[in-house]
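Trainee: sequence? don't have it. structure:
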């Protein structure tokens, strides 16, 4: 086990983008499996396409964006370590996170084969409560992360906390996906009511 951790650590230093994207894909997929099996109790009715979408999002979209973002934050120089932590957490949670929450719901909606209109609706419904809950989890996480974790391991720290956060996000996204047909059905009923006889 120690050899595996050493190899992973070495890979994080030598090939951070590839390693972090692969890690993100695994953690997003694992978060979805956790959501479906533990929280939603799907058992044999597991939605493998949903897990694949989450893994794809984690590895191909979120992983590269987070890797580059953390590298950018690390390059910023501050007059004291305390100011560095405060400003990095502020930038991470005040600038980056609001964009990423919208990106998550929008991307997943489009990956489900839905329209831009559907993506906007899902973002409108899920954005604010998700962002507020995110701050409750990730502001303390990022304070610790930027204060004591070595830069090359910060992605891993976010990833470990994200395992459970991703399970939450997957459940919220799935719930919004289930609600969407009801909204469309209601809209169709309303259109029928408005249609001349």
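Mentor: Cool, got the structure. The shown structure was predicted, so the numbers you read here are calculated from the model rather than taken from an experiment.
Trainee: pLDDT weak spots in this structure?
Mentor: 173, 177, 180-197 (pLDDT under 70).
Trainee: so where do the helices sit in it?
Mentor: Assigned by DSSP state H, the chain shows helices spanning 2-14, 16-34, 48-56, 63-75, 81-91, 97-111, 116-148, 154-194.
Trainee: pop out the phi and psi values for residue 80.
Mentor: In terms of degrees, to the nearest 10, the main-chain angles of residue 80 are phi -150, psi 160.
Trainee: check contacts around it.
Mentor: Counting by C-beta atoms under 8 Å, 6 or more residues apart in numbering, residue 80 makes contact with nothing. C-beta here means a position set from N, CA and C on the backbone, and glycine is covered the same way.
Trainee: same check, this time on residue 20
Mentor: Residue 20 neighbours (C-beta under 8 Å, 6+ apart): 12, 63, 66, 67, 155.
Trainee: any idea how far residue 75 is from the first one?
Mentor: In other words, residue 12. Taking C-beta to C-beta, to the nearest Å as the measure, residue 12 falls 17 Å from residue 75.
Trainee: right, and residue 108 touches residue 57 too?
Mentor: Yes - taking contacts as C-beta atoms under 8 Å, residue 108 lies within contact range of residue 57: 6.2 Å.
Trainee: contacting residues for the closest residue to residue 160 other than its chain neighbours?
Mentor: The shortest distance from residue 160 to any non-neighbouring residue, by C-beta to C-beta, 6 or more residues apart in numbering, is to residue 27 (7.8 Å). Shown in contact with residue 27 (C-beta under 8 Å, 6+ apart): 58, 159, 160, 162, 163, 166.
Trainee: and the second one, how many residues sit next to it?
Mentor: Using other C-beta atoms under 10 Å, residue 159 has 23 other residues around it.
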